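> Sequence and predicted model, in that order:
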There are 2 protein chains.
Amino acid sequence: MTDRGRLPQFDGVFAPVVYRDAAIDLLDQTLLPEEETVLRLATVDEVAEAIRVMRVRGAPAIGVTAAYGMVLAAAADPAIEAMERAAEALRTTRPTAVNLAWALDRMLRVRRRLDTDPSESIVEQLLAEARQIHAEDIAANRAIGAAGADLLPDDAVVLTICNTGALATGGIGTAYGVIRTAHERGRLQLAYACETRPRLQGARLTAWELLRDGIPFRLLADGAAGALMATRRIDAVLVGADRIARNGDTANKIGTYALAVLAGHHRVPLYAVAPTSTIDPASPTGAAIPIEERNAGEILAPRGVRLAPSAADAWNPAFDVTPAELVAGIVTERGVHRPPYDVSLPGRDRG
Amino acid sequence: MTDRGRLPQFDGVFAPVVYRDAAIDLLDQTLLPEEETVLRLATVDEVAEAIRVMRVRGAPAIGVTAAYGMVLAAAADPAIEAMERAAEALRTTRPTAVNLAWALDRMLRVRRRLDTDPSESIVEQLLAEARQIHAEDIAANRAIGAAGADLLPDDAVVLTICNTGALATGGIGTAYGVIRTAHERGRLQLAYACETRPRLQGARLTAWELLRDGIPFRLLADGAAGALMATRRIDAVLVGADRIARNGDTANKIGTYALAVLAGHHRVPLYAVAPTSTIDPASPTGAAIPIEERNAGEILAPRGVRLAPSAADAWNPAFDVTPAELVAGIVTERGVHRPPYDVSLPGRDRG
């Protein structure tokens, strides 16, 4: 079931996903920027499909979506075993974004606590928890935006990759939230946005948000980032994160590592910007982070438009790992963390 | 006038451009890999348009095409002033590839030498010169391929960008010629090819050639090159050149500079591979090389497929400059030149 043109809202502001009347409203990001189509998802299977094919993407937004998915699971069958099966179905949709597992585990913990409650109450309390996860992400985004914007000079010119805005989170975004906050403070001159092949989240999604927010920007081919740093003043590279290891190694959209090496070469600080829910206490270093490889078709024939000969093959990792030594700071809702990260990063859920 | 399916040949092998029966046969590379359409160009204006919109591209191939274009100019009006006007029309089509100006100047020099000859003889002698330029490029490609392949280990795994093959030159190619020669020697394990946004010469053209030549390869998004070097053995990065300054600074397809910084970071040698006609004695350093900026539409709506919102803008330099210190060697038909390049590079036309 779809609804065109009316975007989902949470607490009166745009959200890529919300829970309403026993189903999820989800803006189908595969159709942006041409079409603003809101899907109604009523089952865990529909939610899993939406995450897998990236109708919703961005680690924090995936976490919020999965939490709402667990509410649908409880409404269908509140038995703990059934909910654990639902969590597994959701958990395996995307391997790298740790916020997904984090949100599912949090929902399962709440479910186990309610073991003797009647089913209606279970669904209600799980919905309250999912909305709490969503509200926490909104608050975290605001704190992140403020902390990150403090790092930028006046008339800042920044470079970003992928989409880390409202579409990727519950709130105003992570790296994008820093850009938006700097713009709100009148301190942003220009944002450069990598188009971000293969899925073009920069060209399709970040550009859509930048236009909505009235922020001056220019897109560029991912390969042009080196020439950009060599020929223009760039004050900071701002990137999101899909998983941060305890030592600060950061998994993020493919291309981030190249930006980090280039930024290091040009002495431009690169900041990883993410809520603490992105820090994975189970990953001591980046070597422990699973990297999703997606279909070669995303390279060879993106969005159904064939570019390469049909017999060609492609290597298509969705993420890469940037070593901590190339990350000048990690910005979370608790502030700016500096190396050594094994000391400065908060233990997730331990703060 | 077009002819589908029959590819142009020079000396019995495929060439992207040849002169035949008072016109130019030119494979329209904007239609590859889906369509193999051969255009018949009969006027300088048609040749200029073909270069400008990149129906033919690659610095050496542009030079050969421009030389044949000067034959068409002579057939239309062999007066020196008319030919100088024709040369200017061709020269301004693409600013960075120095082979274009080099070929035009060489044709004009021949024309001036023939000042008292009858027109038929002028056209014939200019055609002989253009074919000589073409034949020299073929021979240079073979020598370049052999010299470059000598640099690679057994079972070599290499990375390349853009298209530097038969489509980009008169012969087997420059960087691609090295790959092809290593493959012919049984010493190439795998070639990785950057898709090369915005024009996708890697995905469209290099993949087309690699398949024709039976060379094992995988495409990748340009942003994945860093992750590739971080996670897999890469023996060399092989790139072409559109203009090489006297000090070895090398202008090439946008994205090359980022590859060079990454290669330096990972201690992988990057070789610039080009005929000596690409060396510009008038450019002491890369700072003197004009960098073409192309239409933002190549980023925003490539090949007519809209990616970004229509109100978005983009920065779209077609080339970047790699400083000589990031170039491990420059491979020409005269061998492998090592730093310091101001000493080791041959003066063009002075060898």
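Right, received. Where do you want to start?
> Quick check: the gap between residue A:264 and chain B.
8 Å (Cβ to the nearest Cβ, to the nearest Å). Where C-beta positions appear, they are placed from N, C-alpha and C, glycine not excepted.
> hang on, residue A:248 is in a strand, isn't it?
No: under DSSP: H, G, I helix; E, B strand; the rest coil, residue A:248 falls outside any strand and is assigned coil.
> Got the domain ranges for chain A?
A:2-140, A:151-344 (automatic domain parsing).
> Give me whichever of these is most buried.
Mean neighbours per residue, mean count of other Cβ atoms under 10 Å in any protein chain shown, is largest over these for domain A:151-344, with a mean of 23.
> Any idea how far that domain is from the middle of the chain?
The chain centroid and the centroid of domain A:151-344 are separated by 10 Å, computed with Cα atoms, centre = their mean, to the nearest Å.
> Lowest mean pLDDT among the helices and strands of chain A, which one is it?
strand A:2-4 (a mean of 56; mean pLDDT, DSSP states H and E).
> gap between the closest residue to chain B within the stretch 101-250 of chain A and residue B:209?
In the stretch 101-250 of chain A, the residue that lies nearest chain B is residue A:223 (2.6 Å; Cβ to the nearest Cβ). Distance check for residue A:223 against residue B:209: by Cβ to Cβ, to the nearest Å, it reads 20 Å.
> And residue A:27, by the same measure?
41 Å.
> would you list every one of the strands in the stretch 251-351 of chain A?
Remark: strands assigned in the stretch 251-351 of chain A by DSSP state E, counting those that start in this stretch are A:270-273, A:314-315, A:319-322, A:329-332, A:335-337.
> Same list (the ones you listed) but as a markdown table, adding distance to chain B and mean pLDDT.
Formatted as a markdown table, those follow (distance: least, Cβ to the nearest Cβ, whole Å; pLDDT from 0 to 100):
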| stretch | distance to chain B | mean pLDDT |
| --- | --- | --- |
| strand A:270-273 | 13 | 98 |
| strand A:314-315 | 4 | 98 |
| strand A:319-322 | 4 | 98 |
| strand A:329-332 | 20 | 98 |
| strand A:335-337 | 23 | 98 |
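> can you redo those strands as CSV with distance to residue B:235?
Listed next are the strands of the stretch 251-351 of chain A as CSV, based on distance: least, Cβ to Cβ, whole Å:
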stretch, distance to residue B:235
strand A:270-273, 28
strand A:314-315, 16
strand A:319-322, 21
strand A:329-332, 35
strand A:335-337, 38
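> Send me stretch A:327-339 as CSV with only the CA atoms.
What follows is stretch A:327-339, C-alpha atoms only, in CSV (Å, rounded to 0.1, in the frame of the first residue of the first chain):
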residue,chain,number,x,y,z
VAL,A,327,40.1,9.8,12.0
ALA,A,328,40.8,13.1,13.6
GLY,A,329,37.8,12.8,15.9
ILE,A,330,34.6,10.8,16.5
VAL,A,331,31.6,13.0,17.2
THR,A,332,28.8,11.4,19.2
GLU,A,333,25.9,12.8,21.3
ARG,A,334,28.4,12.8,24.2
GLY,A,335,30.8,15.2,22.4
VAL,A,336,34.0,14.9,20.4
HIS,A,337,36.2,11.9,21.2
ARG,A,338,39.9,12.2,20.3
PRO,A,339,42.5,9.5,19.9
